[in-house]
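Enquirer: next come a sequence and a model predicted from it.
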Amino acid sequence: MNDTLRHRRALAERLPDGLILLSGGVSRTRNADTEALFRQRSDFLYLTDVEASGYTLLIDPQRGRQTLFIPRIDNQHRVWLGPVPGPAESQRLYGMRAVYADTLEKEFKISRRGYRKIYTDQETLKAHRPLMKGLHAAPARLADALSELRACKSPGELDMIRQACAATNAAHLAVMRSVRPGQHEYEAQAVFESECLQAGLRHLAYLTIAASGKNSAILHYDRNNAKLKAGDLLLMDAGAECRGYAADVTRTLPISGRFSRRQKDIYSIVLEAQKASIAHAQPGLLSTDLHIFSMTRIAEGLKSLKILRGDTTGLVENGAVRLFYPHGLSHMMGLDVHDVTGGKKRLVRNPHKFALRFLAKLEPGFVITIEPGIYFIEALLQDAHNRRQHRASVDFARAEKFLDFGGVRIEDDIVIQARGSLNLTDTPKEIKDVEAACRR
Ligand SMILES: [Mn+2]
C-alpha cells in the first residue's frame, strides 16, 4: 500500500461523517502570458502525490470511495504543453479511481446523498461553492485533521526528506569548495541551486539566503547581490525539495577559507549549542524547553566573551540573550519547510513568558530543524529601549565592536526517534572540516 492511500484512509477515518472535497493547485500566470513555476498544494500532495495542476480529490468515507478528477486537455494543450495522463493511466499512477474533471458535478450529486457535511477548504469552496449548496462546510476540521496526520512522518515520507537532505548536503559542500573572495553572493546561490537541479530536484524548499559580511545578520536576507570580501563570513541557508518534502540547512563559512580568531569564538559557541541541543532532543520534550536549553548555552558562551554578564538564568529570562539570538531554535519540517505542528489534539500550554511560533511536545516521527545562531544586529543593539532595559546584562560597547561581523547560524534537520534523534544532515560543520572543505 503506498503512502498516499494510507493518508486518504486515515483522513476518512477521522472525518467519517462528511464528504471530503479538496482541489489541487491551479497554475497561474506570472506576468503577461508567462506561467509561474507551479508547485502543488502541500495537503494535496500528502493525499495524492499529484504534482501537476488542475486536479481535484473527492473522498466518500461512507461508501469507501476515493476519486481523482483529472483535467481534460485539448489538442492546443498537447501542442504547447504536451500530453496529460488519461483516466486509465492516472488510475495506475495514483492508485485510485480517476475520471475527467468535467464529470465532477454529476459525480458529486450522487456522492452527496446521505451527507450533511462537507469537509473542504477555502480554495475549494471558492472553486466549487454552488455544488456544495445545502451542505454544512467545515474547513477548520479538515485543516486540523490534516495537521494532525502530517505531523508524524512515515518511513516513505522520511525517505523523501532523506533524498532532499542528501542533495542539500552535496550542494552545501559544492558551495564550500567553490567560494572565493571577489565572487558575489549570487554565485554561491548559483552553485547551490545548480547542484539541486542536477540531482533532478526542480524545486527548492524556500528562497536561498546567501548572506555575506554584515548581511548575515539579516535573518531573511535574499537580495544575494553583494561582493564576497576576504575575511568575511558567508551564511548559506538553503534547501532542496523532493516530491514536496523539504530540507532546510544552514552553514556559515569563511570566504577566505580560514576562520579568524574572532569568527572561531562566535562559531564555536553556536556549534556547541547546536550539538548539545541535538543531543538533548527527545520524545516528550517541549519545543519551548529545548529552545530555552539552547538560549542557556548561547548565554554561557556570550558570557565567556564578556558580551553578556550576570546570572545565566536571568539573562535567558530577562531577554538579554535574545538581542543576539532573536529567533526560534527549531521548527517542524515536511511538505512545508515550516510544517504543520500537529493539530488541536496535541495543543500544549506554553509555560514560559515569551511567545514562540513552534510549540509542541516532541514525538517519534517528527522532523525538526535545530538552528541556533548569534548575530550582531544594529537595529537591536542600538535601540535606545533595549540599551536601557539591558544595560546591566549587556556590555554594549563590547558588542558594538562586532557590528561589522554579521552573524553565525548552524542548522541541521533531525528526526525524533523512540530514543533521542537521528541527524539527517551530514554537511561539514566542525571548524576543521569546514576549513578543509573550503581549502584552496
Ligand atoms: Mn529553518
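Expert: Looks like it arrived, so ask away.
Enquirer: could you use CA atoms for every contact and neighbour count after this?
Expert: Noted.
Enquirer: and the residue nearest to T288 when sequence neighbours are not counted, what element?
Expert: Nearest non-adjacent residue to T288, counting by C-alpha to C-alpha, 6 or more residues apart in numbering: L359, 6.3 Å away. Element membership for L359 (DSSP states H and E) is empty, with no helix or strand holding it.
Enquirer: and what of M176?
Expert: Going by DSSP H and E, M176 is part of helix 155-178.
Enquirer: run the chain-centre distance for that helix.
Expert: Centroid separation between helix 155-178 and its chain, computed with C-alpha atoms, centre = their mean, to the nearest Å, is 14 Å.
Enquirer: can you tell me which helices and strands that helix packs against?
Expert: With contacts taken as 3 or more C-alpha pairs under 8 Å, 6 or more residues apart in numbering; DSSP states H and E, helix 155-178 sits against helix 185-198, strand 241-242, strand 245-246, strand 249-254, helix 431-437.
Enquirer: what is the fourth one packed up against?
Expert: For strand 249-254, the helices and strands in contact under the criterion 3+ C-alpha pairs under 8 Å, 6+ apart are helix 155-178, strand 233-238, strand 407-409, strand 412-416, helix 431-437.
Enquirer: what of the third one?
Expert: Packed against strand 245-246, as judged by 3+ C-alpha pairs under 8 Å, 6+ apart, are the following elements: helix 155-178.
Enquirer: would you reformat the helices and strands packed on helix 155-178 as JSON lines and include distance to P85, mean pLDDT and mean neighbour count?
Expert: Below are those laid out as JSON lines (distance: least, C-alpha to C-alpha, whole Å; pLDDT from 0 to 100; neighbours: other C-alpha atoms under 10 Å):
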{"stretch": "helix 185-198", "distance to P85": "24", "mean pLDDT": "98", "mean neighbour count": "20"}
{"stretch": "strand 241-242", "distance to P85": "21", "mean pLDDT": "98", "mean neighbour count": "26"}
{"stretch": "strand 245-246", "distance to P85": "23", "mean pLDDT": "98", "mean neighbour count": "28"}
{"stretch": "strand 249-254", "distance to P85": "35", "mean pLDDT": "98", "mean neighbour count": "25"}
{"stretch": "helix 431-437", "distance to P85": "45", "mean pLDDT": "98", "mean neighbour count": "17"}
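Enquirer: closest one to I73 among the ones you listed?
Expert: strand 241-242 (27.0 Å; C-alpha to C-alpha).
Enquirer: contacts made by that closest one with the rest, please.
Expert: 160-161, 163-164, 201-205, 247 (C-alpha atoms under 8 Å, 6 or more residues apart in numbering).
Enquirer: for the helices and strands packed on helix 155-178, which one sits closest to M333?
Expert: Evaluated with C-alpha to C-alpha, the helices and strands packed on helix 155-178 place strand 245-246 nearest to M333, the distance being 6.7 Å.
Enquirer: list of residues touching the closest one?
Expert: For strand 245-246, using C-alpha under 8 Å, 6+ apart, the contacting residues are 157, 160-161, 164-165, 204-205, 239-240, 333-337.
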